[in-house]
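Participant: give me a model of this one.
(one chain, ligands or ions: 2)
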Amino acid sequence: MKKLEELKFENSYSRLPEIFYSRHTTIPLSKQHLISFNADAAELIELDPEESKREDFVEIISGAIHLDGFDPLAMCYAGHQFGQYVPRLGDGRAILLGEVKTDSGEKWDLQVKGGGPTLYSRGSDGRAVLRSTIREYLCSEAMHGLGIPTTRALCILGSDHEVYREQIETGAMLLRMAPSHVRFGSFEYMYYNQHFDELRQLADHVIAQHHPDFTKLDEPYLALLGDAIKSTAELIAQWQAVGFAHGVMNTDNMSILGLTLDYGPYGFLDQYNRDFICNHSDHQGRYAFDQQPDIGLFNVSCLAQALLPLLDDDPDRAVAKAKSVLEKYRRYYVERYSALMREKLGLYVERKGDQALCSELLALMHDNQVDYTLLFRRLSQLPGDDYKNSLRDLFIQREAFDGWLEKYEQRIAEENVDATERSRRMRQVNPKYILRNYMVEIAIRKASDEQDYSEIDVLLELLKTPYDEHAPLEHYASHPPEWAQQISVSCSS
Ligand code: AMP
Ligand code: MG
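Facilitator: Ligands and ions are numbered 1, 2, ... in the order given. Reported below is the predicted structural model:
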């Protein structure tokens with residue numbers, strides 16, 4: 001484990017031409033202090049967690065004191081926001097301090113979110129409020145705990161710096177980590193500005209950093225597109241299977257590596273509601289829960305469009321090649337989603353009627369407003385006295401559910417896995433704990449109103465192992481409380 005000064009930086013992005021970014025340093029918040037530190041993320045960069053106790057830790061990690069090797073910059077990108085192309089977005093409030101190269105050969109971007117304005121702030125303050133910082137910190141780690149690809153988070157810094165949103169709030173910074181922060185929108189920026197040489201440079205950069213094997217292929221750029229399509233389809237399959245709504249699936253929030261990126265007004269489903277809209281500014285429901293797989297296809301199509309000049313010198317052939325890989329998106333999605341849902345149901349041999357059995361359950365859950373996480377967890381219990389009743393209790397139309405359960409039990413009987421083993425396996429894929437909105441809200445209220453940050457750490461710890469039992473925190477495994485329905489997640493952050 002290393003001291004901060006011992007981290008090795010290898011800043012590949014800052015060696016690209018200046019069109020890719022703008023150099024900035026962070027501007028400290030008043031009375032910055034450490035609110036929460038994530039030792040698991042520290043381990044990824046081989047950083048000794050004890051370093052967080054250093055007097056100068058906050059100044060260093062916020063970028064106020066430069067370590068040798070820091071080369072801070074804001075990345076430039078464009079993107080389709082709610083279907084409309086916006087020619088320049090860029091990191092308006094995120095500053096990449098540098099890229100750490102670990103002894104084991106991994107590379108991690110260290111990025112401060114909320115570090116002050118940049119060339120891309122478009123009149124906004126470049127800050128992040130404590131509320132949204134806690135939301136991103138907890139959710140990125142919760143997603144990781146669930147086994148879903150995501151950016152990570154090293155720590156939260158708080159302050160008494162006033163930030164103006166709908167009301168006055170305090171500013172905070174999140175230290176975000178990812179193997180790369182390159183987005184679909186990074187490619188779109190080069191494409192729409194007709195910077196085709198730079199487009200190629202960006203693709204070469206991503207390939208060199210993350211897919212070195214592609215260089216041996218005849219068509220490395222087609223392979224890059226194919227990989228992004230597959231990882232995006234599979235990422236969204238995982239979101240759907242766990243009941244996660246991202247909320248702002250603009251192409252500037254889509255990672256070229258298929259990571260969940262940029263946590264804003266996201267939400268996990270409580271009751272199963274296909275039309276769930278977590279982003280209150282999304283009046284059309286463009287990013288509603290059941291729209292996510294289709295929006296994923298729209299987004300990878302935008303990426304394909306941006307990569308066309310690299311796919312072939314002949315425009316028609318380039319389009320044909322792009323289409324040939326885009327066509328696979330749905331198959332990737334369906335295959336992964338079906339596999340995940342079969343596992344959730346404890347079905348290990350594939351049978352013809354499995355998809356119908358799953359759809360029928362989801363339709364019943366939708367109509368009966370059944371809690372998504374609770375249902376699957378209860379279904380994972382070992383059949384016993386309480387088993388059937390605990391499930392039936394979740395439904396209003398109990399006879400309809402009985403009908404489904406009968407079919408399910410018949411189907412289960414065709415499996416060769418014994419009940420104890422199936423229950424164990426099902427509990428490994430059906431989380432007991434998810435980051436329900438009200439849980440984040442409790443952590444936020446305690447932090448904002450009482451400067452009590454303990455709940456952040458409690459939830460961080462809990463959500464690292466969401467499939468396990470955590471007896472003292474059993475209350476977080478029940479239905480959300482009544483007041484949770486009143487929570488409104490604002491898009492401002
Ligand atoms: P988001 O919806 O958070 O992904 O942000 C969309 C764009 O707005 C990105 O280019 C952000 O960098 C920028 N942005 C969001 N909030 C701020 C802020 N407070 N100050 C400057 N830029 C911001
Ligand atoms: Mg964003």
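Participant: hey, let's count contacts and neighbours off CA atoms from now on
Facilitator: Will do.
Participant: name the helices or strands packed onto the longest helix along the chain?
Facilitator: In the chain, assigned by DSSP state H, the helix with the most residues is helix 220-242. Under the contact criterion of 3 or more Cα pairs under 8 Å, 6 or more residues apart in numbering; DSSP states H and E, helix 220-242 touches helix 196-210, helix 292-311, helix 315-326, helix 329-345.
Participant: average pLDDT for it, rounded please.
Facilitator: Averaging pLDDT along helix 220-242 gives 99.
Participant: what's the burial count for the residue nearest to residue 127 when sequence neighbours are not counted?
Facilitator: What sits nearest to residue 127 in space, not counting adjacent residues and going by Cα to Cα, 6 or more residues apart in numbering, is residue 114, at 4.0 Å. The local packing of residue 114 (other Cα atoms under 10 Å) involves 29 other residues.
Participant: cool, and residue 356?
Facilitator: Residue 356, neighbours per other Cα under 10 Å, totals 10.
Participant: give me the pLDDT for it.
Facilitator: At residue 356, the pLDDT value in this model is 98.
Participant: what helix or strand does it sit in?
Facilitator: helix 354-368 (DSSP states H and E).
Participant: what's near enough to touch residue 266?
Facilitator: Going by Cα atoms under 8 Å, 6 or more residues apart in numbering, residue 266 touches 244-248, 278-279.
Participant: what's around residue 166, how many residues?
Facilitator: With other Cα under 10 Å as criterion, residue 166 counts 9.
Participant: what stretches of the stretch 301-450 of the chain score poorly on pLDDT?
Facilitator: The stretch 301-450 of the chain contains residues with pLDDT under 70 at 385.
Participant: residue nearest the centroid of this protein?
Facilitator: Against the mean C-alpha coordinate of the chain, by Cα atoms, centre = their mean, the closest residue is residue 260 at 2.6 Å.
Participant: touching, that one and residue 149? I think so.
Facilitator: Yes - shown here, residue 260 and residue 149 form a contact pair, counting by Cα atoms under 8 Å, at 6.1 Å.
Participant: shared neighbours, the two?
Facilitator: Common contacts of residue 260 and residue 149, defined by Cα under 8 Å, 6+ apart, comprise residue 235.
Participant: pretty sure the residue nearest to residue 127 is touching residue 132, no?
Facilitator: No - at 10.2 Å, residue 114 does not count as touching residue 132 under the criterion of Cα under 8 Å.
Participant: quick one on the thing from earlier: need phi/psi at the residue nearest to the centre of the chain.
Facilitator: Backbone torsions for residue 260, taken as degrees, to the nearest 10, come to phi -70, psi 130.
Participant: before we move on, the earlier item: for the longest helix of the chain, C-alpha coordinates in CSV please.
Facilitator: Backbone C-alpha positions of helix 220-242 (Å, rounded to 0.1, in the frame of the first residue of the first chain) are rendered in CSV as follows:
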residue,chain,number,x,y,z
PRO,A,220,-10.0,-2.4,-34.9
TYR,A,221,-12.5,0.4,-35.1
LEU,A,222,-15.3,-1.9,-36.0
ALA,A,223,-14.2,-4.0,-33.0
LEU,A,224,-14.3,-1.0,-30.8
LEU,A,225,-17.8,-0.2,-31.9
GLY,A,226,-18.9,-3.8,-31.5
ASP,A,227,-17.5,-3.9,-28.0
ALA,A,228,-19.2,-0.7,-27.0
ILE,A,229,-22.5,-2.1,-28.4
LYS,A,230,-22.1,-5.3,-26.5
SER,A,231,-21.1,-3.8,-23.2
THR,A,232,-23.9,-1.2,-23.4
ALA,A,233,-26.5,-3.8,-24.2
GLU,A,234,-25.3,-6.0,-21.3
LEU,A,235,-25.0,-3.1,-18.9
ILE,A,236,-28.6,-2.1,-19.6
ALA,A,237,-29.7,-5.8,-19.2
GLN,A,238,-28.2,-5.7,-15.7
TRP,A,239,-30.0,-2.4,-14.9
GLN,A,240,-33.3,-3.9,-16.0
ALA,A,241,-32.8,-7.1,-14.0
VAL,A,242,-32.0,-5.2,-10.8
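Participant: how about the residues of the stretch 201-350 of the chain that lie near ligand 1?
Facilitator: Taking Cα under 6 Å from any ligand atom, the part of the stretch 201-350 of the chain that reaches ligand 1 is made up of 253, 262.
Participant: and the stretch 1-150 of the chain, by the same measure?
Facilitator: Where the stretch 1-150 of the chain comes near ligand 1, counting by Cα under 6 Å from any ligand atom, the residues are 89-93, 121, 124-128.
Participant: filter those residues to the buried ones?
Facilitator: Buried members of these, scored by 16 or more other Cα atoms under 10 Å, are 89-93, 121, 125-128.
Participant: mind listing what the closest residue to residue 437 other than its chain neighbours touches?
Facilitator: The shortest distance from residue 437 to any residue other than its chain neighbours is 6.4 Å, reached at residue 267 (Cα to Cα, 6+ apart). By Cα under 8 Å, 6+ apart, residue 267 lies in contact with 244-247, 278, 436-437.
Participant: please redo it, this time with the cut-off set to 10 Å
Facilitator: Residues near residue 267 by Cα atoms under 10 Å, 6 or more residues apart in numbering: 139, 243-247, 276-279, 289, 435-437, 489.
Participant: now the end-to-end length of stretch 338-358.
Facilitator: Using Cα to Cα, to the nearest Å, one end of stretch 338-358 lies 9 Å from the other.
Participant: would you map out the domains in the chain?
Facilitator: Domains of the chain are assigned by automatic domain parsing as 4-180, 185-336, 346-427.
Participant: quick one: end-to-end length of the longest one, please.
Facilitator: Read that as domain 4-180. Using Cα to Cα, one end of domain 4-180 lies 21 Å from the other.
Participant: so does the longest strand seen in the chain get close to ligand 1?
Facilitator: Secondary structure of the chain read by DSSP state E shows that its longest strand is strand 168-178. No - taking Cα under 6 Å from any ligand atom as the criterion, strand 168-178 and ligand 1 are apart, separated by no less than 10.0 Å.
Participant: relative to residue 162, which of the helices and strands packed on helix 220-242 is closest?
Facilitator: With Cα to Cα as the measure, helix 292-311 is the member of the helices and strands packed on helix 220-242 nearest residue 162 (35.4 Å).
Participant: packing partners of the closest one?
Facilitator: Judged by 3 or more Cα pairs under 10 Å, 6 or more residues apart in numbering; DSSP states H and E, helix 292-311 is in contact with strand 79-81, helix 184-192, helix 196-210, helix 220-242, helix 315-326, helix 329-345.
Participant: what's next to stretch 206-216, contact-wise?
Facilitator: When contacts are defined by Cα under 10 Å, 6+ apart, stretch 206-216 is touched by residues 12-13, 106-107, 179-180, 182, 200-205, 220-224, 227, 256-257.
Participant: now, of those residues, which are buried?
Facilitator: Neighbour counting by 16+ other Cα under 10 Å classes 13, 107, 179-180, 182, 200, 202-205, 220-224, 227, 256-257 among those as buried.
Participant: where in the stretch 51-200 of the chain is pLDDT low?
Facilitator: Counting by pLDDT under 70, the stretch 51-200 of the chain shows no low-confidence range.
Participant: strands of that one, start to end?
Facilitator: Using DSSP state E, counting those that start in this stretch, the strands found in the stretch 51-200 of the chain span residues 73-75, 79-81, 84-86, 94-101, 107-113, 128-129, 152-158, 162-164, 168-178.
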